[in-house]
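Pasted the sequence and its predicted model underneath.
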Amino acid sequence: MDKTVNQKAWFLVLPVFLVVAFSAILPLMTVVNYSMQDTFGNNQFFWNGVGWFKELLDPSTDLGSRFFASLWRNLAFSAIILAIEVPLGIVVALSMPRDGWRVAACLVTLALPLLIPWNVVGTIWQIFGRPDIGLLGYVLNNMGIDYNYVSNEFDAWATVIVMDVWHWTSLVALLCYAGLKSIPDAYYQAAQIDGASRWAVFTAIQLPKMNRVLLIAVLLRFMDSFMIYTEPFVVTGGGPGNSTTFVSIELVKIALGQFDLGKAAALSLVYNLIIIIVCWIFYTVMTNVGAERREQKGVA
Amino acid sequence: MHSIPGRRLIISLFLIFLLLPIYWLVNMSFKTNEEIVSTMTLWPHQPTIANYVRIFTDESWYSGYINSLKYVVINTIISISVALPAAYAFSRYRFLGDKHLFFWLLSNRMAPAAVYALPFFNLYSAINLFDTPWAVALAHCIFNVPLAVWILEGFVSGVPREIDETAFLDGYSFPRFFLKILVPLIASGIGVAAFFCFMFSWVELLLARTLTSVNAKPIAAVMTRTVSAAGMDWGLLAAAGVLTIIPGALVIWFVRNYIARGFALGRV
């Protein structure tokens, strides 16, 4: 279906443009402004050029080392949760009951963690994991495993990862389920006639049909895990030490904790730039997948 | 046919994994602090509703819920009403810079809230909206408006273009066509988009906390008060947590048949 060219469509888009520009461009200008200046308090600002950026991107300085440490930590975290949540989400989607009230019950239960405020997610796991009052911590410690997420780095990481899996795997599962639902029965019947194995059905029919929703899932999960703040902050406060301090936590520490506006602004811009680049890659891949599919449809 | 061996076991285990931490929170909310701290009990042995009573009778507690609901509702209304015409435009027309604009919107959905916390604080203080529900509602637009446009665009594209053309031939003006024909056709899509705006505004804390101090304090920020000199008030914290889950659970029920499609952003 070709779209018609109509410049008047801008009038329909204008409200959105104004609302988002008000909350995106104006604040971003402030950030750019801060990132070039230094202040000694009393609202007196001095031109600092690209000084903050130089410091930020140089791992030998204090700011640079903190930035890179939190960046690698955050990337490792995103990689781990994607490696767990995507396969697990697919398996859960494939395990969904076929019809009846069970589907509704499963869907509502799956969606439940997604609707809990993020700080409450943190609170739930903070309570659940405590050795003295939480079921998880209590059981683990009674099994002879010395589990304490407050003082042990490995336990803190494990808790934050299990919490994220608990919180967001449902999103992947629901997306995959939506993809699976859109496959017509005829495909399965054809596979049955051909005597296709269960694995062949998965790789030849289900996975290709899910690739678009999986892409959305990976995009959303990567982005949201890359800017995760509230949940680990509530559970571990970024500790023990700095072991679970992700980029957003570091940024808030610098901006609202130390009020180092210049450093925080420089970090914000680099952080935003990384996100826009990743977002652009995904967007291009996604539109290409869409275009290929339309071409295939056109041929068929 | 599209299921795998052992699926009952897998889905049951996963649902138990999801529900167990929530059960623990509910369990704790009905206990007294003595019971929580002194013994490990799988269900409350001396059930009490004192924690809930305290929340519903103390204004500083229940006003937190009201404040949260205020900005969530304002945000949902703004997001949907500006996103609807835009979704139609993106779905039907090509215009100068449309692809770039769409990408720009998308990139705002992905922007980290931590980046905007401080500039928003300055901006909304400057225009005297700080500590009002409007500040939080407008701030949340940055991720909810793009999301609403994205979801609604998928649903509008599902409506055949012939319907528009027929309506215009029948002499419908654009606003009349929009309200009388298009909106009813994509009602379920609007429901889904509203659900998502509600959800993301309800769960966000960082911006909501930064932009409020006293009068518009959201419930999530009120919850940090349970840390007092006498130690943590675990029962009260748990009860407050349970009450934040309820609005979400209620809205899911209404959109349960569209959840899956909605999460795919209307694109399946």
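Good, I have the coordinates.

So in the chain, where's the weakest helix or strand by average pLDDT?
Defaulting to chain A. strand A:45-47 (a mean of 70; mean pLDDT, DSSP states H and E).

my question was about chain B
Quick look at chain B via mean pLDDT, DSSP H and E: least confident is strand B:227-228, a mean of 60.

and the residue in the stretch 201-300 of chain A that chain B sits nearest to, what does it touch?
For the stretch 201-300 of chain A, the residue closest to chain B is residue A:227, as judged by C-beta to the nearest C-beta, at 3.5 Å. Where you see a C-beta, it was placed from the backbone N, CA and C, and this is true even at glycine. By C-beta atoms under 8 Å, 6 or more residues apart in numbering or on different chains, the contact set of residue A:227 is A:247-248, A:275, B:110-114.

returning to that earlier point: who touches whichever helix or strand comes after the least confident helix or strand of chain A?
Counting by DSSP states H and E, the next helix or strand C-terminal to strand A:45-47 is helix A:51-56. Residues outside helix A:51-56 that contact it (C-beta under 8 Å, 6+ apart) are A:35-36, A:38, A:61, A:63-64, A:67, A:262-263, A:265-267, A:269-270.

Can you tell me how far the most centrally placed residue in chain A is from residue B:112?
Among the residues of chain A, the one closest to the centroid is residue A:224, at 2.1 Å (C-alpha atoms, centre = their mean). Separation of residue A:224 from residue B:112 (C-beta to C-beta, to the nearest Å): 10 Å.

same check, this time on residue B:11
Relative to residue B:112, and taking C-beta to C-beta, residue B:11 is found at 34 Å.

Identify the single longest helix in chain A, thanks.
helix A:261-299 (DSSP state H).

Output the below-cut-off pLDDT ranges for chain B.
B:1-4, B:225-231, B:259-268 (pLDDT under 70).

Find the closest residue to chain A in it.
residue B:248 (2.8 Å).

any idea what sits nearest that residue, other than its immediate chain neighbours?
residue A:115 (2.8 Å; C-beta to C-beta, 6 or more residues apart in numbering or on different chains).

Test my guess that the one you found contacts residue B:199.
Yes. The criterion here is C-beta atoms under 8 Å, and residue A:115 meets it with residue B:199 at 5.5 Å.

intersection of neighbour lists for the two?
In contact with both residue A:115 and residue B:199: B:248, B:251, using C-beta under 8 Å, 6+ apart.

CA atoms only: put stretch B:144-164 into PDB for me.
These are the backbone C-alpha positions of stretch B:144-164, laid out as PDB (Å, rounded to 0.1, in the frame of the first residue of the first chain):
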ATOM      1  CA  ASN B 144       4.500   7.900  26.700                       C
ATOM      2  CA  VAL B 145       3.700  10.100  23.700                       C
ATOM      3  CA  PRO B 146       6.100   8.300  21.300                       C
ATOM      4  CA  LEU B 147       4.900   4.900  22.600                       C
ATOM      5  CA  ALA B 148       1.300   5.900  22.100                       C
ATOM      6  CA  VAL B 149       2.100   7.100  18.500                       C
ATOM      7  CA  TRP B 150       3.900   3.800  17.800                       C
ATOM      8  CA  ILE B 151       1.100   1.600  19.100                       C
ATOM      9  CA  LEU B 152      -1.700   3.600  17.500                       C
ATOM     10  CA  GLU B 153       0.100   3.800  14.200                       C
ATOM     11  CA  GLY B 154       0.000   0.000  14.100                       C
ATOM     12  CA  PHE B 155      -3.700  -0.100  14.800                       C
ATOM     13  CA  VAL B 156      -4.600   2.600  12.300                       C
ATOM     14  CA  SER B 157      -2.700   0.800   9.600                       C
ATOM     15  CA  GLY B 158      -4.900  -2.200  10.300                       C
ATOM     16  CA  VAL B 159      -7.900  -0.100   9.100                       C
ATOM     17  CA  PRO B 160      -8.400  -0.400   5.300                       C
ATOM     18  CA  ARG B 161      -7.800   2.900   3.500                       C
ATOM     19  CA  GLU B 162     -11.000   2.300   1.500                       C
ATOM     20  CA  ILE B 163     -13.000   3.200   4.600                       C
ATOM     21  CA  ASP B 164     -11.400   6.700   4.700                       C
END
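
And the most centrally placed residue in chain B, how close does it get to residue B:247?
With distances taken as C-alpha atoms, centre = their mean, residue B:199 lies nearest the centre of chain B, 1.4 Å away. The gap separating residue B:199 from residue B:247 is 10 Å, by C-beta to C-beta.

now residue B:238
17 Å.

who's more crowded, the two?
residue B:238 (25 against 18; other C-beta atoms under 10 Å in any protein chain shown).

Surely that one is in contact with residue B:48?
No. Look at residue B:238 against residue B:48 with C-beta under 8 Å: they stay out of range, at 11.8 Å.

what residues are up against the residue of chain A found nearest chain B?
Residue nearest to chain B within chain A: residue A:115 (2.8 Å; C-beta to the nearest C-beta). Residue A:115 is in contact with B:199, B:202-203, B:245, B:248-249, B:251-252, counting by C-beta under 8 Å, 6+ apart.

Put the buried members of these into a ChimeraX selection.
Listed next is the ChimeraX selection for buried residues among the contacts of residue A:115, using 16 or more other C-beta atoms under 10 Å in any protein chain shown:
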select /B:199,202,203,245,248,251,252
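
Can you tell me which of the contacts of residue A:115 is nearest residue A:139?
When the contacts of residue A:115 are compared for distance to residue A:139 (C-beta to C-beta), residue B:245 wins out at 23.3 Å.

Show the contacting residues for that closest one.
Here residue B:245 is in contact with A:112, A:115-116, A:120, B:22 (criterion: C-beta under 8 Å, 6+ apart).

The stretch 151-268 of chain B: strands as residue ranges?
For the stretch 151-268 of chain B, applying DSSP state E, counting those that start in this stretch gives strands covering B:227-228, B:231-232.

Around residue A:104, how many other residues sit close by?
Applying other C-beta under 10 Å, I find that residue A:104 has 15 neighbouring residues.

go on, residue A:162?
By other C-beta under 10 Å, neighbour count at residue A:162 equals 18.

For the nearest residue to residue A:226 once chain neighbours are set aside, grab the count of nearby residues.
Of all residues beyond its chain neighbours, the one nearest residue A:226 is residue A:78 (5.5 Å), with distances taken as C-beta to C-beta, 6+ apart. When neighbours are defined as other C-beta under 10 Å, residue A:78 has 20 of them.

quick one: secondary structure of residue A:78?
Of the three states, residue A:78 takes helix according to DSSP: H, G, I helix; E, B strand; the rest coil.

Which pLDDT value belongs to it?
Predicted confidence (pLDDT) for residue A:78: 93.

what's the answer for residue A:291, then?
65.

and if you look at residue A:120?
So, for residue A:120, pLDDT stands at 88.

For it, pull up the helix or strand it's in.
Counting by DSSP H and E, residue A:120 is part of helix A:118-129.

That helix - contacts with which helices or strands?
helix A:135-142, helix A:153-181, helix A:230-235, helix B:7-29, helix B:234-255 (3 or more C-beta pairs under 8 Å, 6 or more residues apart in numbering or on different chains; DSSP states H and E).
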